[in-house]
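J.: here is the input, now give the coordinates:
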Amino acid sequence: MFILRQQSLLSKQLHCSSTRAIISHTKTATSIISYKGSGSMTNHIPNTRSYASHFNITGTQTPSMHHILIVGGGPAGSSTAFWLAKSGFKVTVAERSTVAPYGQGIDITDEAVDVVKKMGLWDEIKANTTGESGFAMVDDVGTEIGSVGTNPAEEGKMVLSPTNEIEIMRGTLTNIFADAAKKQGAEYRYGCTITNIQQSDNSVTATLSDTDEPKKFSAIIGADGVASRVRNLAFDKSATEGCFKQTDTFVAYFSMEVDPADQKTYSVLQHANKGRVIWVRPIDRTGSRVSGYLMVTTTESAELQKVARHGTVQEQKVLLENMFANIGGLREKVVQGMNDSEDFYFTRVVQVKLDAWHRGRCALVGDAGYCPSPLTGQGTTMAVLGAYYLAGELTGNPDDPEAAFTNYRKKFEGFVQENGSIPLGGRAPKLVCPQSDLGVWMVRSVFSTMARPGFKKLLASLPSLANFVPSFGGGNKKSQLPDYDWQVR
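T.: Here you go, the predicted structure:
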């Protein structure tokens, strides 16, 4: 899917309270609960969007000399936790957020589908998609000029729609993966992050913010996104400072209410000159709330960059409202939704590229190590696949994490290189977010043609023509996943 998204929303860091609830369960035993402090007692934490900052949620684990710390409890971290806990590792996940926000819409395609099937989560994920049924483009007054359906998640072929079969909110997918990891025995510590790393030959010592007490681990996995603290603490300064590849695209996303008359099961996009794009997408199948996106692609980005990095939320909203002034169609309701939103996030789109994915006993997975940017539509797929390869290699070589991490990169780097580049040599954002009125007209004309019945059949009959039609994410020939023995040897 060709969609702007950051792998995670930055949320305010909340420190764990001294109050503690420990919920222990095994696969065969009845739940046991102990609680100290005020509040009610429960033997089940429901799959909701919020967690009390004073809860530490744990699963009972098989005693193991191999204790892995995963920093970041999003899709990359939680899927890694699932596989490692399944293999018999003792796994602790440190997640700084105590609230799981809607986040943005993400998708799962190609080999990542095979991974979630191996996890036994395919049916649950399909049942919790946003229900987005397709994609439409509108003109300056909001009239549709064409629409397309969805791309099958499992077919490795050229795609014509920005909407994939499996569109799911990041918060929803995170909860599904985290619940599965806990059932395998992973411990989750919410409201804390890593503050220090000290490596030795046979262990790595980490300090977490909720206790400030150093603790030894066999290895640390950084699954903490583009602004990874693990990367900053474990890697050389030269590597961390030079890993960001800036683009000329800036994006804001937020959730908003929608009038019943405007509820749609498909997403709607509107272009304007000066590289401006407005996009509205379903959050769930009720249609009462949607995700709003305001995107700007421009080489004149000094003010945007300054406000994106250092501006307050209010300053960011004011800047975007002014930049999107004098536009009809979707603009009025989406800008109003932005101003009313409480989960607004604005950033410059970047890629992360590193010469190595590990330093000693510390390794990176997902956006922390190889963020392809939302412009590729491959971020979640890479996170899920990377977790599978990393956990598989570490399971096969638990006593030598450095060798396992080297093999992880060796086996997965080809996929990252093939799928992690912005389409059309990095020029895709400028082509699909044109600066001139003529460019907007051309994009709309091309899409109108592509949306006509029979266009895909025409491409199928003329393979050479298909080379000139950009893919919106996925579409590569699937490779065979390695079969790992999920048992620590």
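J.: who does residue 137 bridge with?
T.: Beta bridges link residue 137 to residue 146, residue 269 when assigned by DSSP bridges.
J.: what pLDDT is listed against it?
T.: Looking at residue 137, its pLDDT reads 96.
J.: what segments of the stretch 151-300 of the chain are helices?
T.: 170-183, 229-234, 237-241 (DSSP state H, counting those that start in this stretch).
J.: and the longest one, what's buried?
T.: The one in question is helix 170-183. 170-182 (16 or more other Cβ atoms under 10 Å). C-beta: built from backbone N, CA, C; applies to glycine.
J.: any chance of those in TSV, plus distance to residue 346 and pLDDT?
T.: Putting those into TSV (distance: Cβ to Cβ, whole Å; pLDDT from 0 to 100) gives the following:
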residue	distance to residue 346	pLDDT
170	17	91
171	19	90
172	22	92
173	22	95
174	21	95
175	25	94
176	27	96
177	26	97
178	26	96
179	30	97
180	32	98
181	31	98
182	33	98
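J.: for the residues you listed, which one is nearest residue 309?
T.: Closest approach to residue 309 among those (Cβ to Cβ): residue 170, at 22.4 Å.
J.: does that closest one touch residue 107 like I think?
T.: No: counting by Cβ atoms under 8 Å, residue 170 sits too far from residue 107 to count as a contact (10.5 Å).
J.: overlap in contacts, those two.
T.: When Cβ atoms under 8 Å, 6 or more residues apart in numbering defines a contact, the residues bordering residue 170 and residue 107 alike are residue 380.
J.: how close does residue 186 sit to residue 178?
T.: From residue 186 across to residue 178, the span is 8 Å (Cβ to Cβ, to the nearest Å).
J.: residue 172 too?
T.: Distance of residue 172 to residue 178, computed by Cβ to Cβ: 11 Å.
J.: ditto for residue 293
T.: 26 Å.
J.: now do residue 302
T.: Distance, residue 302 to residue 178, using Cβ to Cβ: 40 Å.
J.: check residue 407 too.
T.: Relative to residue 178, residue 407 is positioned 27 Å away (Cβ to Cβ).
J.: cool, residue 118 as well?
T.: Distance from residue 118 to residue 178, by Cβ to Cβ: 17 Å.
J.: does residue 198 touch residue 204 like I think?
T.: Yes: at 7.1 Å, residue 198 and residue 204 qualify as touching, with contact defined as Cβ under 8 Å.
J.: the stretch 301-450 of the chain: helices as residue ranges?
T.: Under DSSP H, counting those that start in this stretch, the stretch 301-450 of the chain gives helices at 302-310, 313-323, 331-340, 367-370, 379-396, 401-419, 428-432, 437-450.
J.: which outside residues touch the third one?
T.: Translated: helix 331-340. Under Cβ under 8 Å, 6+ apart, the answer for helix 331-340 is 252, 254, 256-259, 262, 270, 278, 280, 290, 292, 294, 317, 320-321, 324, 344.
J.: swap in 7 Å and give it another go.
T.: For helix 331-340, contacts defined as Cβ atoms under 7 Å, 6 or more residues apart in numbering pick out 252, 254, 256-257, 278, 280, 292, 294, 317, 320-321, 324, 344.
J.: name the residues of that helix that are buried.
T.: Residues 331, 333-335, 337-338 are the ones in helix 331-340 that count as buried (16+ other Cβ under 10 Å).
J.: now these as a markdown table including distance to residue 360?
T.: A markdown table is the format used below for these (distance: Cβ to Cβ, whole Å):
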| residue | distance to residue 360 |
| --- | --- |
| 331 | 51 |
| 333 | 51 |
| 334 | 47 |
| 335 | 48 |
| 337 | 46 |
| 338 | 44 |
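J.: next, format the residues you listed as CSV and append distance to residue 212 and pLDDT.
T.: As requested, these are arranged in CSV below (distance: Cβ to Cβ, whole Å; pLDDT from 0 to 100):
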residue, distance to residue 212, pLDDT
331, 48, 96
333, 47, 95
334, 44, 97
335, 44, 97
337, 41, 96
338, 38, 97
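J.: before we move on, back to that, quick one, which of the contacts of helix 331-340 are buried?
T.: Buried members of these, scored by 16+ other Cβ under 10 Å, are 252, 254, 256, 278, 280, 292, 294, 317, 320, 324, 344.
J.: residue 198 and residue 204: who's more crowded?
T.: Between residue 198 and residue 204, residue 204 has the larger neighbour count (other Cβ atoms under 10 Å), namely 21 against 12.
J.: the more buried one bridge partners, please.
T.: For residue 204, the beta-bridge partners are residue 199, residue 217 (DSSP bridges).
J.: make 21 the first number, not 1, from now on.
T.: Fine by me, first position is 21 from now on; the one you just mentioned is residue 224.
J.: what's the neighbour count on residue 166?
T.: Other residues near residue 166 come to 17 when the count uses other Cβ under 10 Å.
J.: so it touches residue 468, yeah?
T.: Yes: the pair residue 166 and residue 468 qualifies as a contact (Cβ atoms under 7 Å) at a distance of 4.5 Å.
J.: find the residues that touch each one of the two.
T.: Joint contacts of residue 166 and residue 468 (Cβ under 7 Å, 6+ apart) do not exist.
J.: could you check how far residue 241 is from residue 291?
T.: Per Cβ to Cβ, residue 241 is found 40 Å from residue 291.
J.: likewise for residue 187?
T.: To residue 291, residue 187 is 21 Å away according to Cβ to Cβ.
J.: more crowded one of these two?
T.: More neighbours surround residue 291 than the other of residue 187 and residue 291, with 26 against 23 (other Cβ under 10 Å).
J.: what residues are up against the closest residue to that one other than its chain neighbours?
T.: Residue nearest to residue 291 in three dimensions, not counting chain neighbours: residue 460, with 4.7 Å by Cβ to Cβ, 6 or more residues apart in numbering. Residue 460 sits next to 291-293, 454 when contact means Cβ under 7 Å, 6+ apart.
J.: go again using 6 Å as the cut-off
T.: With contact set as Cβ atoms under 6 Å, 6 or more residues apart in numbering, residue 460 has these partners: 291, 293, 454.
J.: next one: it, what pLDDT does it get?
T.: pLDDT at residue 460 comes out at 96.
J.: try residue 287
T.: Residue 287 is assigned 93 on the pLDDT scale.
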